[in-house]
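[1] Return a 3D structure for these sequence lines:
(one chain, ligands or ions: 2)
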Amino acid sequence: MMSEPLVLGIETSCDETGVGIVRGHTLLADAVASSVDEHARFGGVIPEVASRAHLEAMVPTVQRALDDAGVALSDIDAIAVTAGPGLAGALLVGVAAAKAYALAAGKPLYGVNHLAAHISVDTLENGPITDPVLGLLVSGGHSSLLQVDDLATSVRPLGATIDDAAGEAYDKVARLLGLPFPGGPPIDAAARDGDPAAIAFPRGLTGARDMERHRYDFSFSGLKTAVARWIEARERAGQPVPVADVAASFQEAVCDVLTRKAVEAARTHGIDTMVLGGGVAANTRLRAMAETRCADAGLRLRFPRPKLCTDNGAMVAALGSHLATAEVAPSALDIPANSSLPVDVVSLADRVS
Ligand code: KG4
Ligand code: ZN
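    Ligands and ions are numbered 1, 2, ... in the order given. Prediction:
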């Protein structure tokens, strides 16, 4: 296959309709239409609302990406699409659209894994990932430690959350503090004025016994409950809730556990580069703490700019480009959308058995 394929990537796993275009590792377009405002008043994404929004946004967003990149559909070498994991109905819209574009243009289709795509997007800013990396993938739906020996063929889970995802914890705690949805950005901002040591919130699964069974796993639901109890106690006592201090202390607990376990996993597995990905990787404290701890441990750290951390089509295009360059066989045109696609399936097979 060509060395610098022109790839169009489509992402619809949650509430962002993302269409990105890359040539090799060069980002040409990153068009995103979000339905987040339609979900905000519910405090979470409503799947059916997201699916309808994807349907409406799909064709105009593809057109916007083609215009931004200054290319025509006929110029595109391959179409990549998130096949899973994610919301079933939302995924279906993207997968159906990608099949239609691939068929219409007569180009190969790559049905790819959303989590591997979150790691791949870093290649658009920091160049190819050639050696094994430790992926710390933290988003609204996932918190995983991944051993990525080969981005095209070998992504292995070392650990994951056993309850809430990190982003989910941000969203729930924001709600407790009366901050808007999604909660990551407002907590990130509020925490800047707070004291991260003000309240000693629990660090899930870091005790000696938990570390035996769950060394590289995460748990954030106990932390969320601890924050809720702490706020309730203040309110019962008729005292004001110090939003900045709660935000900073909560954030410190999340980032501490994520970076501590990620650094240890990299060291234990002899991996010398860490890559951050997913919406929570946009967090300023996580990025700063990862920088310090990776430097202390002699690890190289890579992460993309915040806008590429949250869901977008460029990440899907980046993975598609990597697969095409690595000469991985494209997917069959009858691939399903798989809402629970396992993390180690980087792309779907060339035929459905
Ligand atoms: O990757 P993403 O866009 O969607 C999923 O695949 O889930 O991640 C969305 C999540 C939300 O939970 C949001 O609150 C969180 O990422 N997030 C952040 C920040 N920006 C987005 N969390 C912490 N700090 C941020 N700056
Ligand atoms: Zn995501």
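
[2] any idea how far the residue nearest in space to the middle of the chain is from ligand 1?
    When Cα atoms, centre = their mean is applied to the chain, the residue found nearest the centroid is G278 (2.4 Å). Note on G278: its distance to ligand 1, by Cβ to the nearest ligand atom, to the nearest Å, is 4 Å. C-betas here are computed from N, CA, C, even on glycine.

[3] Check P60 too.
    Note on P60: its distance to ligand 1, by Cβ to the nearest ligand atom, is 21 Å.

[4] With V246 instead?
    Distance from V246 to ligand 1, counting by Cβ to the nearest ligand atom: 15 Å.

[5] could I get the least confident helix or strand in the chain by mean pLDDT in PDB with only the CA atoms?
    Between all helices and strands in the chain, the lowest mean by mean pLDDT, DSSP states H and E belongs to helix 36-39, at a mean of 90. This file holds the C-alpha atoms of helix 36-39, laid out as PDB (Å, rounded to 0.1, in the frame of the first residue of the first chain):
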ATOM      1  CA  VAL A  36     -23.500  17.800  24.100                       C
ATOM      2  CA  ASP A  37     -25.800  20.800  24.600                       C
ATOM      3  CA  GLU A  38     -28.800  18.500  24.000                       C
ATOM      4  CA  HIS A  39     -27.700  16.200  26.800                       C
END
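
[6] buried ones in that helix?
    Within helix 36-39, the residues that count as buried by 16 or more other Cβ atoms under 10 Å are 36, 39.

[7] Could you do stretch 337-349 as well?
    For stretch 337-349, the neighbour count (16+ other Cβ under 10 Å) marks 337-339, 341, 343, 345-348 as buried.

[8] Would you reformat the residues you listed as JSON lines and include secondary structure and pLDDT?
    Output for these, formatted as JSON lines (DSSP: H, G, I helix; E, B strand; the rest coil; pLDDT from 0 to 100):
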{"residue": "A337", "secondary structure": "coil", "pLDDT": "97"}
{"residue": "N338", "secondary structure": "coil", "pLDDT": "97"}
{"residue": "S339", "secondary structure": "coil", "pLDDT": "97"}
{"residue": "L341", "secondary structure": "coil", "pLDDT": "97"}
{"residue": "V343", "secondary structure": "coil", "pLDDT": "95"}
{"residue": "V345", "secondary structure": "coil", "pLDDT": "97"}
{"residue": "V346", "secondary structure": "coil", "pLDDT": "97"}
{"residue": "S347", "secondary structure": "strand", "pLDDT": "97"}
{"residue": "L348", "secondary structure": "coil", "pLDDT": "96"}
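
[9] Any chance of CSV for the residues you listed, columns distance to ligand 2?
    Formatted as CSV, those follow (distance: Cβ to the ion, whole Å):
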residue, distance to ligand 2
A337, 15
N338, 15
S339, 13
L341, 13
V343, 12
V345, 16
V346, 15
S347, 17
L348, 18
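
[10] what about the strands in the protein?
    Assigned strands in the chain, in chain order: 6-11, 16-23, 26-34, 78-84, 109-113, 133-138, 143-150, 154-160, 273-277, 300-302 (criterion: DSSP state E).

[11] Show me what the fourth one is packed against.
    Contact analysis of strand 78-84 by 3 or more Cβ pairs under 8 Å, 6 or more residues apart in numbering; DSSP states H and E lists strand 6-11, helix 88-105, strand 109-113, helix 114-120, helix 314-325 as its packing neighbours.

[12] right, so of those, which gets closest to ligand 2?
    In terms of Cβ to the ion, the element of those nearest to ligand 2 is helix 114-120, at 5.5 Å.

[13] How about the closest one and ligand 2, touching?
    No: with Cβ under 5 Å from the ion as the criterion, ligand 2 is not reached by helix 114-120; the gap is at least 5.5 Å.

[14] residues making contact with that helix?
    9, 11, 13, 82, 84-86, 129, 133, 135, 137, 139, 142, 144, 146, 148, 151, 155, 275, 277-278, 281, 309, 315-316, 318-319, 322, 341, 343, 346 (Cβ atoms under 8 Å, 6 or more residues apart in numbering).
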